[in-house]
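Chemist: sharing a model that was predicted from the sequence below.
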Amino acid sequence: MAKVVDAAFTKDLPKVELHAHLTGSITPHCLHQIWTQRRLEDPNMSLQDPLEAMSRDKSWDIMTFFPLFSKYIYELCSTPASIIYSTNAVLHDFKEDGVVYLELRTTPRSSSSMSKDDYITTTLSCIDRFPDLNVMATYLILSVDRRNSPEEAIEVVDLAIRYRSRGVVGVDLCGDPSKGDVSTFKEAFHKAKLYGLKISLHFAEIPASSSLLELSTLLSFQPDRLGHVIHVPNEIKDQVEDRKLGLELCVSCNVKAKLIEGGVIDHHFVSWVKTGCPVILCTDDVGVFDSTLSNEYLLIAQAFNLSRNDLIDLCDRAVEAIFGDKHQKQRLWALINDAREKWMHTD
Ligand SMILES: CNc1ncnc2c1ncn2[C@@H]1O[C@H](COP(=O)(O)O)[C@@H](O)[C@H]1O
């Protein structure tokens, strides 16, 4: 009997998740709990119920997606209590899906009841206190938003340096790709590199953010990994391949936010997986796009006719690109070897 790739198999795979935005990973259900509590405290609160605002039949594009955070979820999750509740839920959800190593990324933000420092220490405390740390190791990446000023970007890097000993492993550049001038962040990313932080960059998400100038500037930041890599011109593709950069591919996000034309079968996974770059399947924003990491593996297997061994190999290569240390890598490779052994003997 052929050994099928099904949901039980992809859930059991020891997966690493390297591109998950914390706020985008909160489910509408969890946000609804926070909304309900807020309504009890303030019956005049006018924010829409997340079950409606983020209903599953809603369709997203670049114009509607980014304001969902800046104008809605950030309003809802603006207190330490809501950050604790939602971060714990996100950690629990990834662990339940069979994630064994997680790098969560988040943009430091403040509100009337917390500073950026408070936001980060609150998130790090949730990670420290997570009861299943031995099952799922979690690290934090701090994000610079493309709308940030150069000073704000340096502030993010300084925070990352300050909280390094507590589990911050790198910095990211994210946000609406139609906004901002990436060259203004040179100094910030240079400082990050100088202090030994790892760098991941959102790269070529839309045609407008894929000019030779922008992509060459981003490569000059010496990134360790790139996210999305959709509209990459050939000369830049060669450089990415030469450097063997880790590539964080977010299939459902790209399809559902219409960053690519067509469906999963049309995804650029197929062109990158043939290169020497480690390809890492990631969820991006599971709370919005409603596809868990195990489901991403299933979708890719179905679309490209991949076997169990192909998926185990994919998990194996992904480990090369983690920002964690060699002990984490050894732990992950041991888990992957165990999975290979187990599934070889299971129908
Ligand atoms: C198409 N995918 C994407 N492309 C670019 N940036 C994205 C993103 N998905 C999420 N973000 C960035 O992550 C923030 C939310 O999480 P945090 O508040 O940081 O935890 C968004 O505001 C956006 O800046």
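Modeler: That came in fine, so what should we check first? Residues are numbered from 1 along each chain as shown.

Chemist: from residue 231, how far out is the nearest residue to residue 221 once chain neighbours are set aside?
Modeler: Nearest non-adjacent residue to residue 221, counting by CB to CB, 6 or more residues apart in numbering: residue 189, 3.9 Å away. The C-beta positions use only the backbone N, C-alpha and C, and glycine is treated the same way. Counting by CB to CB, to the nearest Å, the separation of residue 189 from residue 231 is 21 Å.

Chemist: what's the answer for residue 9, then?
Modeler: 33 Å.

Chemist: just residue 251 next, same as before
Modeler: Residue 251 is 16 Å from residue 231, by CB to CB.

Chemist: again, but for residue 244
Modeler: Residue 244 is 21 Å from residue 231, by CB to CB.

Chemist: now residue 254
Modeler: 11 Å.

Chemist: who in this protein is up against the ligand?
Modeler: 21-24, 69, 106-107, 143, 145, 174-175, 202, 205, 253, 257, 284-285 (CB under 6 Å from any ligand atom).

Chemist: can you rerun that using 5 Å?
Modeler: Residues of the chain lying near the ligand by CB under 5 Å from any ligand atom: 21-24, 69, 106-107, 143, 174-175, 202, 285.

Chemist: please enumerate the strands of the protein.
Modeler: Taking DSSP state E as the test, the strands found in the chain are 15-21, 99-106, 137-145, 168-174, 198-203, 225-228, 246-249, 279-281.

Chemist: so who does the nearest residue to residue 142 once chain neighbours are set aside touch?
Modeler: Spatial nearest neighbour of residue 142, excluding adjacent residues (CB to CB, 6+ apart): residue 160 at 4.5 Å. The contact partners of residue 160, taken as CB atoms under 8 Å, 6 or more residues apart in numbering, are 142, 168, 170-171, 192, 197.

Chemist: most neighbours among those, which one?
Modeler: residue 171 (30 neighbours; other CB atoms under 10 Å).

Chemist: what about the stretch 1-150 of the chain, any weak spots by pLDDT?
Modeler: 1-2 (pLDDT under 70).

Chemist: neighbours around the nearest residue to residue 304 once chain neighbours are set aside, how many?
Modeler: For residue 304, ignoring the flanking residues on the chain, the nearest one in space by CB to CB, 6+ apart is residue 270 at 6.1 Å. Residue 270: 12 surrounding residues under other CB under 10 Å.

Chemist: these two touch, right, residue 270 and residue 305?
Modeler: No. Counting by CB atoms under 8 Å, residue 270 does not reach residue 305; the two are 10.9 Å apart.

Chemist: on that earlier part again, tell me the contacts of the residue nearest to residue 221?
Modeler: Here residue 189 is in contact with 153, 157, 171, 173, 199, 221-222 (criterion: CB under 8 Å, 6+ apart).

Chemist: how about stretch 97-116 as CSV, C-alpha atoms only?
Modeler: Output in CSV follows, covering the C-alpha atoms of stretch 97-116 (Å, rounded to 0.1, in the frame of the first residue of the first chain):
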residue,chain,number,x,y,z
ASP,A,97,0.1,21.7,15.5
GLY,A,98,3.4,19.8,15.9
VAL,A,99,5.8,22.7,15.8
VAL,A,100,9.0,21.8,17.7
TYR,A,101,10.9,25.1,17.1
LEU,A,102,9.4,28.5,16.7
GLU,A,103,10.8,31.9,15.8
LEU,A,104,8.0,34.4,16.4
ARG,A,105,8.5,37.9,15.1
THR,A,106,6.8,41.0,16.3
THR,A,107,7.0,44.8,15.9
PRO,A,108,7.7,46.6,19.2
ARG,A,109,4.7,48.9,20.0
SER,A,110,3.5,51.0,22.8
SER,A,111,0.1,52.1,24.0
SER,A,112,-1.2,54.2,26.9
SER,A,113,-0.7,51.3,29.2
MET,A,114,2.6,49.9,28.0
SER,A,115,6.0,51.0,26.6
LYS,A,116,7.8,49.1,23.8
